[in-house]
Every structure is written in C-alpha cells, then in structure tokens.
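A.B. asks: Build me a model:
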Amino acid sequence: MGNKIFLVLLVVGVPLSIIGSILHWPTILMFVVYCLTIIALASLMGRATESLAIVMGPRIGGLLNATFGNAVELIISIFSLKAGLLGVVLASLTGSVLGNLLLVAGLSFFVGGTKFKRQTFNVFDARHNAGLLIFAIGLAFVIPEVFTQNMSHNRTMSLSVGISIILIFLYLAALFFKLVTHRGVYQPTEKTKQVEHEEEVPEWSKKTAIAVLFGATLIVAYISEKLVHTFSIVGETFGWSELFIGVIIVAIVGNAAEHASAILMAYKNKMDVAVEIAVGSTLQVAMFVAPVLVLISLFFPINMPLIFTLPELIAMVTAVLLIIMISNDGESNWFEGLTLLAAYVIMGIGFYLL
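C.D. replies: Sure thing, here's the model as predicted:
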C-alpha cells in the first residue's frame, strides 16, 4: 500500500516539478511539490537499498544508501554555496547530523521496538563509530570555533582546509579498515544473521538496484536545485529563519532517503543496516560532505570556513554523546528511540525560536 502511494506521488510529482518550474507556478505550491517528490524518490531509493543490503551485506548496503542519500545533500549544499547562502549550508550540515543521530536513529529504534521487545546490532561497529563521531564532531568541528576567535579570515580558511583534508583522509581510511583489512573480523550478531537468512530474496537484482539509486539521485539533484530557490520566499512567508530552514527543513528533505530506508530496515529487524544508515550517514556528512564543501567553496567568490555557531556545535556534540550512550551496548528498544526523538524535538523548538 505504502509503495503504491509513493509511486503515485512519484509519477505525478516529477512532471509537476518540471512543468511548475517552467511555468513559474506560486513558490509556496512548488516548495510543497518539490518536497513531496523528493520524499517519494527517497522511498524508491529505500527499496533499492534493501535489495542491495540482501545481495551485498548490511555494511555495503547501508554505505551505498548513505552515499546516494548524502549525494542529494551535497548537491543542495553546492547550489546553496553558489547562491552565497553559507548560513543555510552550515545549518543543513548541522541538521543532517542531528536528523540522522536523533530523528532517523530515534524513529528506527522506536518503530522497530514497537514490533520487537529487544533488537540487537553489531556492538563492534557501534564502538568503532563512537570513536569516529567523537573525533569528527567533538574534536574537528569544535577546534576551529575555539582556535579562530582572533584569527584573520585567511588563517581561518587555512585551518579549515587543513582539518578538511585530514577528515577526508581519515574517512577513506575508516572505509578501507571496515571493508578491506578488517572485513569479516567483527561479525554481525547471530540474531541478525538469522533474519538475513529468513528474508534473502531481493526485490531487484544488484544492477537494477544500483541503476534505480543512480537514476533517483539524478532526478533528486534536479528538483533539489529548484527547491533551493524557494527557501528565501518560504522563510519570509512563514517567518522561518535561515538557521531553522537549514537545520530542520533542508535536513529532513535532503535526508529523506536515509529516513525511509533506516525505518524500513528496523521494522524488518535488520538493525545492522538501520544503524549503519543512521550513524554511517552522519559520519559521511561530518568527515566527507562538510570537508568537501569547504574545499569546493574555494572556487566560489565567498569561501566557507568550517565554523559553526555555538548553538549548532552544542546541539551536535550533545546528540553525539546521547547516541553513544544509547547505542554502545549493541541493543535498542522503543524507549531509547523515544528518548532520541524527544531530544530532537527539544532542539527543533530551540532552533525555531532562535
């Protein structure tokens, strides 16, 4: 039933997005059309991810989903950078971190927990990810804010570029560690293996699933570029600040693919994939997407240093500490999911009123 609704949204939404942008329909109407179409495309990407996770394993399936999902985020951010909206870009990166760690993980734990009393996932992956989260957000994001108080813009950019290169290098090293040198050393839980064996018939073949992911990402890229141009008018109409649009709206729409996929995986008790999507996507945003945007900004008139506002930093660091405390035992339940969601709502209210 759900797939049929998303399919209708997709078939109607893509043509309307193209026609509406050509005929210059009202901005608020197009904002809604773009958002719904991106969410429908995200559902398609979620189904492709599930097929890939069955064929290629939870790590690669989750990684591919996060990568294609974050490709959307990267594309939206590049267009925003080009338009000089640095505040929206940094806020959307903050929103991605908060959205993945609190909203996506929270909904996954909650939805899965309402069906299963106790769900387990790979505790070794959880601890490995915890260290990287502390490094990327607790260290690499905080250092520029602390060290650049009295620095010139050029020195601030030099520090940001240096940290960005280190983050990208360590992220690639982490992938090499998980997928090559230590692949299979830390095995999934027995329960997860049983679930994978029970449901091992993919909806699509590997080639079809990758083609669907790629095609959906291209269409999302086109619609995302149109969506960016609606932000200023939508913000003025509803009284939303640039910060709120970036942290909540852009982050939720830009990460809709991960949201749909992770919740679907958790509902089917495939928690290794769900956690890999939520936390793996956060790491990719912090250690790859954000640094790449800093480097890309060097080619635009306005450069973007890796400096977040104090509320953004505190929100991200708090979210990291909370997810580590909750996920470090390799188990989850509905109450832990509710705790993460409550934290997200508190931060959302804060950013709205800021």
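A.B. asks: got any ranges where this structure has weak pLDDT?
C.D. replies: For the chain, the stretches flagged by pLDDT under 70 are 1-2, 186-200, 254-258.
A.B. asks: Tell me if I'm right that Lys82 and Phe300 touch.
C.D. replies: Yes. Lys82 lies in contact with Phe300 (Cβ atoms under 8 Å); the separation is 6.2 Å. Every residue, glycine included, has its C-beta placed from N, CA and C.
A.B. asks: Residues touching stretch 216-225, excluding its own?
C.D. replies: 14, 17, 34, 37-38, 41-42, 44-45, 48, 68, 71-72, 75-76, 79, 254, 257 (Cβ atoms under 8 Å, 6 or more residues apart in numbering).
A.B. asks: List of residues touching stretch 236-250?
C.D. replies: Outside of stretch 236-250, the residues within contact range by Cβ under 8 Å, 6+ apart are 28, 76, 85, 87-92, 94-95, 98, 231, 234-235, 309, 312, 347-348, 351-352, 354.
A.B. asks: Equivalent analysis for stretch 295-313, please.
C.D. replies: 78, 81-82, 84, 86, 89-91, 93-94, 140-142, 144-145, 148, 153, 156-157, 159-161, 163-165, 243, 247, 290-291, 293-294, 316, 350-351, 354.
A.B. asks: Of those, select the buried ones using a ChimeraX command.
C.D. replies: If you want just the buried ones from the contacts of stretch 295-313 in ChimeraX, going by 16 or more other Cβ atoms under 10 Å, the selection is:
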select :78,81,82,86,89,90,91,93,94,140,141,144,145,148,156,157,159,160,161,163,164,243,247,290,291,293,294,316,351
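A.B. asks: Next step: the contacts of stretch 295-313 restricted to helices.
C.D. replies: In this view, the contacts of stretch 295-313 that belong to helices under DSSP state H are 78, 81-82, 86, 89-91, 93-94, 142, 144-145, 153, 156-157, 159-161, 163-165, 243, 290-291, 293-294, 316, 350-351.
A.B. asks: give me the number of residues near Leu353?
C.D. replies: Other residues near Leu353 come to 8 when the count uses other Cβ atoms under 10 Å.
A.B. asks: ok, it to Met325 distance?
C.D. replies: Leu353 is 27 Å from Met325, where distance means Cβ to Cβ, to the nearest Å.
A.B. asks: just Ile75 next, same as before
C.D. replies: According to Cβ to Cβ, Ile75 stands 34 Å off from Met325.
A.B. asks: can you point me to the longest helix in this structure?
C.D. replies: Longest helix in the chain by number of residues (criterion: DSSP H): helix 27-56.
A.B. asks: From the contact counts, what lies against that helix?
C.D. replies: If contacts are counted by 3 or more Cβ pairs under 8 Å, 6 or more residues apart in numbering; DSSP states H and E, helix 27-56 sits against helix 2-23, helix 58-82, helix 206-228, helix 231-238, helix 251-254, helix 256-267, helix 271-284.
A.B. asks: tell me the SS of the residue in the chain sticking out farthest from the centre?
C.D. replies: Farthest-out residue of the chain from its mean C-alpha position, per Cα atoms, centre = their mean: Asn150, at 32.6 Å. Secondary structure, DSSP: H, G, I helix; E, B strand; the rest coil: Asn150 is coil.
A.B. asks: mind pulling up the phi and psi values for it?
C.D. replies: As for Asn150, its main-chain torsions (degrees, to the nearest 10) stand at phi -120, psi 20.
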